[in-house]
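>>> A predicted structure for the sequence below; I have some questions about it.
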Amino acid sequence: MARYDRAITVFSPDGHLFQVEYALEAVRKGNAAVGVRGTDTIVLGVEKKSTPKLQDSRSVRKIVSLDTHIALACAGLKADARVLINRARIECQSHRLTVEDPVTVEYITRYIAGLQQKYTQSGGVRPFGLSTLIVGFDPDTGVPALYQTDPSGTFSAWKANATGRNSNSMREFLEKNYKETSGQETVKLAIRALLEVVESGGKNIEIAVMTKEHGLRQLEEAEIDAIVAEIEAEKAAAEAAKKAPSRDT
Amino acid sequence: MKLDLSGLQSFPSIPGSAVDDLGEDLFAAPSFQLPACSDFDGFQKDAIQMVKPAKGTTTLAFIFKEGVIVAADSRASMGGYISSQSVKKIIEINPYMLGTMAGGAADCQFWHRNLGIKCRLHELANKRRISVTGASKLLANILYSYRGMGLSVGTMIAGWDEKGPGLYYVDSEGGRLKGTRFSVGSGSPYAYGVLDSGYRFDMTVEEAAELARRAIYHATFRDGASGGVASVYHVGPDGWKKLSGDDVGELHYKYYPVAPTPVEQEMTDAPAA
């Protein structure tokens, strides 16, 4: 063990942790992921890169549940994600066992972020190469929450956020178009944000909706196609409305 | 064998979480050095027997409409010797939770204080108070990890949290029970008699306090290892409040005042011979 305790993550002369920044680069190459918080619904969406014909797409789940009331989507190294998700799932059950209460979203986010931070300050390990979007409803208050963590181990709460490929464009879109939504409107907002950077169509997008009553529900491809069609129709109608008045004047 | 003090660490470590792959084994149970003797099992049995009868006390707690009443005596005895008549057996864990002491005084005091630390850290980390369920579970898990090492703790954790009043019995065997009425100690059979027969869910605070006081008094009357002062606390939505602390000797004459008996024959002085 002694031969491997030379730290991989060390400070540069101007105060940067390059390994962490390189990890963020890995995140930027990962698939796009978006999360939107509504008043009674939270939506997670990820870009699905085209699946090879022979691959069983059911084995590639990009939105996972950590507990019955918490879900997670991530962008970056999927193998690292598996390790982090397993540890988080164990922590959720351990918390239930020791205080007889389900975890709050903030608690599990703090745990995951703490884990990510630990790997930036230890010998012989590299940081996790992923950013996560964690959503859920707090067990007692029922308040919906959306949190994001990154390879450096920082975390914060968001009304809507995006990570992964082209996350800046998605975030810009969300900043321009975000408003308090509920139910289907929240789903539409998430899909619209994803459509900014992803080829449209149900087979390129994976959406999961979480509500207090029904927990996490993955939408079927057909459902997503239907909503995408709605969105396109609305866009077309808006375009037409813009052109029409100018002609009447 | 190195003495492992992980149970005494003041930051909350959650037992049962997976082995951290940075080399820290969180499953390591606390352990202590084995004494060099021929019959270790016999020695352990004797050690436990020495501590067992020490639960010379009477404590009780019950939930009713207005919250939780917690009451205890204040006598400490070592065999037949009364070492103190003024022991505080109701421990204030934090402003909204109380613990009672039965068994080893040092064990109870130390672990309750440790529990108070853990509760406060939980509050700071999670920005809300810990539930009575959670606090009692933390204590029970610690006591379980020291099982068989001679701790003697028979405590009740009483408090008021977001779910209302809560009462748990936790002991050094690692047991933890949720309930509405408990009494612990050598005087508990006597206290149970009075408590169970007089209990109603919808009592006022004064009625409940009087019931608790009487139960403690009757236990101290019959049990030699209980006595001193009967303290009564009430835990309500705003936290706990000490209601009374009455000497049981004075309580006796209050409940059974000396009635002047009619004199048949007055004794007079014999006439000086």
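Perfect, thanks for sending it. Residues are numbered from 1 along each chain as shown, chains lettered A, B, ... in the order given.

>>> all helices for chain A, in order.
For chain A, the helices defined by DSSP state H occupy A:18-29, A:78-99, A:105-118, A:167-177, A:184-195, A:221-248.

>>> For residue B:228, which of the ones you listed is the nearest?
With distances scored as C-beta to C-beta, the stretch of these nearest to residue B:228 is helix A:78-99 (35.6 Å). Where C-beta positions appear, they are placed from N, C-alpha and C, glycine not excepted.

>>> who's in contact with the closest one?
A:64, A:66-67, A:70, A:72, A:74, A:101-103, A:107-108, A:111-112, A:115-116, A:128-130, A:132, B:14-18, B:130-131, B:133-134, B:137-138, B:141 (C-beta atoms under 8 Å, 6 or more residues apart in numbering or on different chains).

>>> returning to what we had before: between the helices of chain A, which one is closest to residue B:154.
Relative to residue B:154, the nearest member of the helices of chain A by C-beta to C-beta is helix A:78-99, separated by 21.7 Å.

>>> what angle do the closest one and helix A:18-29 make?
100 degrees (axes from the mean of the first three to the mean of the last three C-alpha atoms, to 10 degrees).

>>> gap between helix A:78-99 and the chain center?
When distances are taken as C-alpha atoms, centre = their mean, to the nearest Å, helix A:78-99 is centred 17 Å away from the chain's centroid.

>>> what number of residues lie near residue 122?
I went with chain A, as the question did not name one. For residue A:122, the neighbour count with other C-beta atoms under 10 Å in any protein chain shown is 16.

>>> that's the other chain; I wanted chain B
19.

>>> in the helix or strand hosting it, what counts as buried?
Using DSSP states H and E, residue B:122 sits in helix B:105-126. Judged by neighbour count using 16 or more other C-beta atoms under 10 Å in any protein chain shown, the buried positions of helix B:105-126 are B:105, B:107-109, B:111-112, B:114-116, B:118-119, B:122, B:126.

>>> about what we covered before: tell me which of the helices of chain A sits most buried.
helix A:184-195 (a mean of 22; mean count of other C-beta atoms under 10 Å in any protein chain shown).

>>> CA atoms only: put that helix into PDB for me.
Below are the C-alpha coordinates for helix A:184-195, written out as PDB (Å, rounded to 0.1, in the frame of the first residue of the first chain):
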ATOM      1  CA  GLN A 184     -47.100  17.500 -17.500                       C
ATOM      2  CA  GLU A 185     -45.800  21.100 -17.900                       C
ATOM      3  CA  THR A 186     -42.600  20.100 -16.000                       C
ATOM      4  CA  VAL A 187     -42.100  17.100 -18.200                       C
ATOM      5  CA  LYS A 188     -42.500  19.300 -21.300                       C
ATOM      6  CA  LEU A 189     -40.000  21.900 -20.000                       C
ATOM      7  CA  ALA A 190     -37.400  19.100 -19.400                       C
ATOM      8  CA  ILE A 191     -37.900  17.700 -22.900                       C
ATOM      9  CA  ARG A 192     -37.700  21.100 -24.500                       C
ATOM     10  CA  ALA A 193     -34.400  21.700 -22.800                       C
ATOM     11  CA  LEU A 194     -33.000  18.400 -24.000                       C
ATOM     12  CA  LEU A 195     -34.300  18.900 -27.500                       C
END
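
>>> average pLDDT across it?
Averaged across helix A:184-195, pLDDT comes to 93.

>>> Mind giving me the packing neighbours of it?
strand A:33-37, strand A:41-47, strand A:160-163, helix A:167-177, strand A:205-211, helix A:221-248 (3 or more C-beta pairs under 8 Å, 6 or more residues apart in numbering or on different chains; DSSP states H and E).

>>> among these, which is nearest chain B?
Chain B sits nearest to strand A:33-37 of all the helices and strands packed on helix A:184-195, at 19.2 Å, using C-beta to the nearest C-beta.

>>> where does residue A:201 land on pLDDT?
On the pLDDT scale, residue A:201 is placed at 68.

>>> Next: the one 10 residues further on.
Residue A:211 is assigned 94 on the pLDDT scale.

>>> Pull up the per-residue confidence for the nearest residue to it once chain neighbours are set aside.
Excluding the flanking residues, the one nearest residue A:211 by C-beta to C-beta, 6 or more residues apart in numbering or on different chains is residue A:41, at 5.4 Å. pLDDT for residue A:41: 95.

>>> count of neighbours near residue A:41?
If we define neighbours as other C-beta under 10 Å, then residue A:41 has 23 of them.

>>> where's the nearest residue to residue A:43 once chain neighbours are set aside relative to residue A:69, distance?
Using C-beta to C-beta, 6+ apart and skipping the chain neighbours, the partner closest in space to residue A:43 is residue A:190 (4.0 Å). Distance, residue A:190 to residue A:69, by C-beta to C-beta, to the nearest Å: 19 Å.

>>> Up against chain B, what does chain A have?
Counting by C-beta under 8 Å from any C-beta of the partner chain, chain A comes close to chain B at A:1, A:87, A:90-91, A:94-95, A:97-101, A:104, A:106-107, A:110, A:118, A:122, A:125, A:140.

>>> low pLDDT regions in chain A?
Scanning chain A with the threshold set as pLDDT under 70 gives A:1-6, A:200-202, A:245-249.

>>> how close does the residue in it that chain B sits nearest to get to residue A:186?
Among the residues of chain A, residue A:99 lies closest to chain B, at 3.4 Å counting by C-beta to the nearest C-beta. Between residue A:99 and residue A:186 the distance is 31 Å, computed by C-beta to C-beta.

>>> circling back to that earlier point, looking at the buried residues of helix B:105-126, which one is closest to chain A?
Using C-beta to the nearest C-beta, residue B:126 comes nearest to chain A of those, at 6.3 Å.

>>> Skipping adjacent residues, who's closest to the closest one in space?
residue A:107 (6.3 Å).

>>> And stretch A:128-148, what's buried?
A:128-139, A:144-148.

>>> got it, and stretch B:236-248?
Burial within stretch B:236-248, assessed by neighbour count using 16+ other C-beta under 10 Å, is assigned to B:239-240, B:243, B:245, B:248.

>>> tell me the helices in the stretch 51-200 of chain B, going along the chain?
Taking DSSP state H, counting those that start in this stretch as the criterion, the stretch 51-200 of chain B carries its helices at B:105-126, B:132-145, B:188-198.

>>> Those helices into a markdown table, with extra columns for mean pLDDT and distance to residue B:39?
Shown next, in a markdown table, are the helices of the stretch 51-200 of chain B (pLDDT from 0 to 100; distance: least, C-beta to C-beta, whole Å):
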| stretch | mean pLDDT | distance to residue B:39 |
| --- | --- | --- |
| helix B:105-126 | 92 | 25 |
| helix B:132-145 | 94 | 25 |
| helix B:188-198 | 95 | 34 |
